[in-house]
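Student: coords below, sequence missing:
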């Protein structure tokens, strides 16, 4: 058993220059994944946030699953809770008073240094691994094959509400008038399909909180923000494994 | 039975009428009460559909599944349990379990129909389901599999019951075996409806599917005992020694299954507490010492497991009233188990971990008047079918050695 005991004195420092590049990259990625205290969740570097979207780190630059790959970047610290996004969404998409497609949540931290509260806009994350579409018995909700938007085909909805149980983001509600579950579709029917470039909420925001765009287009702002190595970008509830297309950042 | 074939339709009619008119006052009172419960539930359910579920059910965006889902789960658990426990005798040939076969198969049909009755008022557009489940199926959906397999199960159980009564034993065994497979597949899919939801920590994992099957069998033993006890009261007959022995075997199986579920429960709770896993811990603690503590300790643990275990054991298979009390307690306890199981998966808000003001606390739910009436209606359906079945099928008699 003596042989198994390492003697550090006799060992030579190999130095880092001999570590293969791949290992060093992995180590760097690991280092960039840190847990935010006041963020209330896990922060991810650009590298890992993209990996959340597309499983393999090698593939993401080459190809996103959709074209355009609609997504949204939310700049948390810019939100002042004016709720113009909410009213724009309601009027554009005829959302009844008892429901919402997007909400602005409020987080208070009296023990924080400086700013004591923060607002957190939430909406459908149009997940790449969307649970709502997996659990729907009749394919009333589905991923659009072209743009990745999680759509509703109201006629097929039986109202079992399993999609509401499956959604880790509370993005769905039952619309009594439509007799179907209703949810954010990035204003596809009301704006995007009519030639508009932005969703109602993104267009109404006076503070530039909601940046809507195409994650697969290197010239697009969402692409550039998500792919910055120095920017901390995260997604909500990464443990649910849904690979969301709504990203969060500060600054 | 062979004599029946020579009867004219008139003879059959008078035979059936004779059977139905042969009961005592208590029986008709029970039939009337059950029928009234069903009528009230239909009225409440239709009212809810017309006025809107949002005005009549206490469900919310965050808690979209309430007591009606729990009741549905309760009834299909019961049905699957009846099917599985009764198949030990007439499908797998264990002689001592033979006498309970016919009544149990009939009750498995009655209870699944009670489940379907309740779910029809829970789902908001059940008629769309009939169309789009067929023309737009989603094979990754556990709900789709559960619905489809339970439909198949119902058909197989009905044929099994038919063949049992026609003494076509090979066909009955074939249907019984296929029905048991369909039941296990359907029921474990129901477990997966909850268990495969990522981000619903209290439910997530393979546990639900496994637990559902074990729990179904435990429920089966309680229901078989309860209904056989009541049936002999209704038919005002002394229990044959074969039946007493059969119920004693059911009792022993029940004791074993209670122990299995106790073991499952201990580890489910321990896994929810050790290391305080996010989302799961809050839900488990709500059961252990939170708003659901009475439900858990008194109903789930006491009524559902410990009291029936003690009563089943002490009865020694001879004290029928003790076993009746034990199985009745167990059924009440199991109903609360289903209620807690459905709710606890939802009370921790999905954004709880972010500490936002809107979702800092556990969510709460209490069933509305409409929901309670429809729940009672489900029990009305099961009890109405049970009562009518007793007279219509002459006490579901199984003659010795019939399976050969």
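Tutor: All right, it came through fine. Since this is a predicted model, take the numbers as computed values, not measurements.
Student: residue B:73 versus the residue in the stretch 51-200 of chain B that chain A sits nearest to, what's the distance?
Tutor: As assessed by Cβ to the nearest Cβ, chain A sits closest to residue B:124 within the stretch 51-200 of chain B, at 2.6 Å. (Glycine included, C-beta is placed from N, CA and C.) Distance of residue B:124 to residue B:73, computed by Cβ to Cβ, to the nearest Å: 18 Å.
Student: which one's more surrounded, these two?
Tutor: residue B:73 (27 against 23; other Cβ atoms under 10 Å in any protein chain shown).
Student: grab the nearest non-local neighbour of the residue of the stretch 51-200 of chain B closest to chain A.
Tutor: residue A:159 (2.6 Å; Cβ to Cβ, 6 or more residues apart in numbering or on different chains).
Student: for residue B:190, same thing?
Tutor: Per Cβ to Cβ, 6+ apart, closest to residue B:190 is residue B:146, 4.8 Å.
Student: burial measure for the residue in the stretch 51-200 of chain A positioned nearest to chain B, as a count.
Tutor: The nearest approach of the stretch 51-200 of chain A to chain B comes at residue A:159, 2.6 Å away (Cβ to the nearest Cβ). Around residue A:159 there are 19 other residues, counting by other Cβ under 10 Å.
Student: and the residue of the stretch 51-200 of chain B closest to chain A, that one's in a helix?
Tutor: No: Residue B:124 is assigned coil when assessed by DSSP: H, G, I helix; E, B strand; the rest coil, not a helix.
Student: surely it and residue A:178 touch.
Tutor: No: look at residue B:124 against residue A:178 with Cβ atoms under 8 Å: they stay out of range, at 11.0 Å.
Student: wait, residue B:234 sits on residue B:23?
Tutor: Yes: taking contacts as Cβ under 8 Å, residue B:234 lies within contact range of residue B:23: 6.7 Å.
Student: just say helix, strand or coil for the closest residue in space to residue A:64 that isn't next to it in sequence.
Tutor: Leaving aside its chain neighbours, residue A:64 sits nearest to residue A:216 (3.7 Å; criterion: Cβ to Cβ, 6+ apart). Classification of residue A:216 using three-state DSSP returns coil.
Student: and residue A:216, what does it touch?
Tutor: Residues counted as contacts of residue A:216 (Cβ atoms under 8 Å, 6 or more residues apart in numbering or on different chains) are A:63, A:64, A:66, A:67, A:68, A:69, A:223.
Student: can you report phi and psi for it?
Tutor: The phi and psi torsions at residue A:216 (degrees, to the nearest 10) take the values phi -100, psi 0.
Student: what's the answer for the one 3 residues further on, then?
Tutor: Dihedral angles of residue A:219 (phi, psi; degrees, to the nearest 10) stand at phi -90, psi -10.
Student: run a quick neighbour tally on it.
Tutor: Other residues close to residue A:219 by other Cβ under 10 Å number 8.
Student: and for residue B:270?
Tutor: Neighbours of residue B:270 using other Cβ under 10 Å come to 10.
Student: for it, give its distance to residue B:264.
Tutor: 11 Å.
Student: do residue B:112 as well
Tutor: 24 Å.
Student: look at these two and report which has more neighbours.
Tutor: residue B:112 (26 against 16).
Student: for the stretch 1-150 of chain B, what spans make up the strands?
Tutor: In the stretch 1-150 of chain B, no strands are found when defined by DSSP state E, counting those that start in this stretch.
Student: around chain A, pick out the residues from it.
Tutor: B:52-54, B:61-62, B:64-65, B:123-126, B:128-129, B:132-133, B:136-138, B:140-144, B:147 (Cβ under 8 Å from any Cβ of the partner chain).
Student: and the residues you listed, which are buried?
Tutor: B:53-54, B:61-62, B:64-65, B:123-126, B:128-129, B:132-133, B:136-138, B:141-144, B:147 (16 or more other Cβ atoms under 10 Å in any protein chain shown).
Student: least trustworthy helix or strand in chain B by mean pLDDT?
Tutor: helix B:9-20 (a mean of 77; mean pLDDT, DSSP states H and E).
Student: helices or strands up against that one?
Tutor: helix B:369-392 (3 or more Cβ pairs under 8 Å, 6 or more residues apart in numbering or on different chains; DSSP states H and E).
Student: what residues of the helix it packs on count as buried?
Tutor: Neighbour-count burial for helix B:369-392 [16+ other Cβ under 10 Å]: B:370-387, B:389-391.
Student: likewise stretch A:192-200?
Tutor: For stretch A:192-200, the neighbour count (16+ other Cβ under 10 Å) marks A:192, A:198, A:199, A:200 as buried.
Student: can you classify the closest residue to the second one other than its chain neighbours by secondary structure?
Tutor: Going back to what we said before, that points to residue A:198. Take residue A:198 and drop its neighbours on the chain: the residue closest to it by Cβ to Cβ, 6+ apart is residue A:212, 5.2 Å away. Secondary structure for residue A:212, judged by three-state DSSP, is strand.
Student: bridged to residue A:212, which residues?
Tutor: residue A:72 (DSSP bridges).
Student: quick one: low-confidence parts of chain A?
Tutor: For chain A, the stretches flagged by pLDDT under 70 are A:1-63.
Student: what residues are bridge-paired with the residue nearest the centre of it?
Tutor: Closest residue to the average C-alpha location of chain A: residue A:246 at 2.6 Å, with Cα atoms, centre = their mean. Counting by DSSP bridges, residue A:246 is bridged to residue A:72.
Student: quick check: it vs residue B:96, distance?
Tutor: 61 Å.
Student: and the lengthiest helix in chain B with chain A, contact?
Tutor: Longest helix of chain B, by residue count under DSSP state H: helix B:241-273. No: Helix B:241-273 stays clear of chain A (Cβ under 8 Å from any Cβ), getting no nearer than 16.0 Å.
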